[in-house]
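1. One predicted model, sequence on top.
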Amino acid sequence: MIIATPVQNRLLADLPSNTINSIRNECELVELTTGDVLYEPGERIREVYFPTQSVVSLVAKAAEDALLEVALVSDDGMIGVPLLFGADSKPLRVLVQSSGPALRIKAETFKRMTDAQQALREKLNEYALLRLAQIEKNAICANSHPIEARLARRLLTMQDRSSSVKFPATQATLANMLGVRRSVVTLVAVTFEQKHLIDYDEGTITILDRNGLENLACDCYSAAADRHRKIKH
């Protein structure tokens, strides 16, 4: 299916034009909605997604009723990395964090193209290694840094990925993504509001003082931002 809109996924945009065109001919443009679950753990991968203006979380089960976000994917990446390693199922839940469009391609077509096109395969393998580094860093961060630093990092990352100072994020969602109780996130969010770092209203967060959040965030944020820029540029 040929799509009329230009490619807005940075991972794909860095490929040779002939490779981009071949992918475009096989993709369809779809709208992802906040809260949608694209995949559950163990579910077979039938489609690969390249977000353009949407943001998607990869979420692991941390405890009996707790979740933990291990990676955040936007226009710098893709959903369907296990296919590159010969796996056909997702080990993690894939949850849409912010609504927006994405390019979607059937898994069978994707595997055929990555087998046949070396430039595409090399670029996606490079991305997969960066993704693994992101997941490892997030796991260390979750066990090493205070909740204030982790929440500041999460909010900054959402702003980066959504390219907006305002984005959807309920306190329950943030608690799940950080692997803590909702009451903990509530207390920290109230502190951030009192310091005029953020504004929270009906499931929407607005960043008021980015520099203030950067001063609170752990070093993991700057390291992750550098990896994000490598893909975007």
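-> Nice, thanks for sending it over.
2. number of nearby residues for residue 28?
-> 13 (other C-beta atoms under 10 Å). Bear in mind the C-beta positions are built from the backbone N, C-alpha and C, glycine included.
3. Sorry, wrong one. I was asking about residue 204.
-> 12.
4. how's this protein carved up into domains?
-> According to automatic domain parsing, the chain comprises the domains 10-141, 146-217.
5. Show me where this structure has its helices.
-> 10-13, 17-24, 107-116, 118-144, 147-162, 171-178, 182-194, 210-216, 219-232 (DSSP state H).
6. mind checking which of these is nearest residue 60?
-> helix 118-144 (9.0 Å; C-beta to C-beta).
7. so that closest one versus helix 17-24, what angle?
-> Angle of helix 118-144 versus helix 17-24, following axes from the mean of the first three to the mean of the last three C-alpha atoms, to 10 degrees, is 70 degrees.
8. Might you quantify the distance of helix 118-144 from its chain's geometric centre?
-> 12 Å (C-alpha atoms, centre = their mean, to the nearest Å).
9. got the buried residues for that helix?
-> For helix 118-144, a neighbour-count test (16 or more other C-beta atoms under 10 Å) marks 120, 123, 124, 127, 128, 130, 131, 134, 137, 138, 141, 142 as buried.
10. Do I have it right that the first one meets residue 111?
-> No: no contact is recorded between residue 120 and residue 111 when judged using C-beta atoms under 8 Å, the distance being 11.2 Å.
11. sorry, back to before: and of the helices of the chain, who's closest to residue 202?
-> helix 171-178 (11.3 Å).
12. Next up, the contacts around residue 155.
-> By C-beta atoms under 8 Å, 6 or more residues apart in numbering, the contact list for residue 155 reads 169, 198, 205, 207, 213.
13. hmm, 10 Å instead?
-> By C-beta atoms under 10 Å, 6 or more residues apart in numbering, the residues touching residue 155 are 167, 169, 174, 189, 192, 197-198, 205, 207, 210, 213, 216-217, 221.
14. got it, and residue 105?
-> By C-beta under 10 Å, 6+ apart, the contact list for residue 105 reads 1, 23-28, 47-50, 78, 80, 113.
15. if we go to 6 Å?
-> Contacts for residue 105 were tallied using C-beta atoms under 6 Å, 6 or more residues apart in numbering; they are 26, 27, 48.
16. what does residue 207 give?
-> Residues counted as contacts of residue 207 (C-beta under 6 Å, 6+ apart) are 159, 165, 198.
17. Just the buried residues of those.
-> By 16+ other C-beta under 10 Å, the contacts of residue 207 give 159, 198 as buried.
18. List the residue ranges of the protein that fall below the pLDDT cut-off.
-> 1-7, 62-66, 223-233 (pLDDT under 70).
19. same thing but 80
-> 1-7, 61-68, 138-140, 142-143, 176-177, 179, 202, 222-233 (pLDDT under 80).
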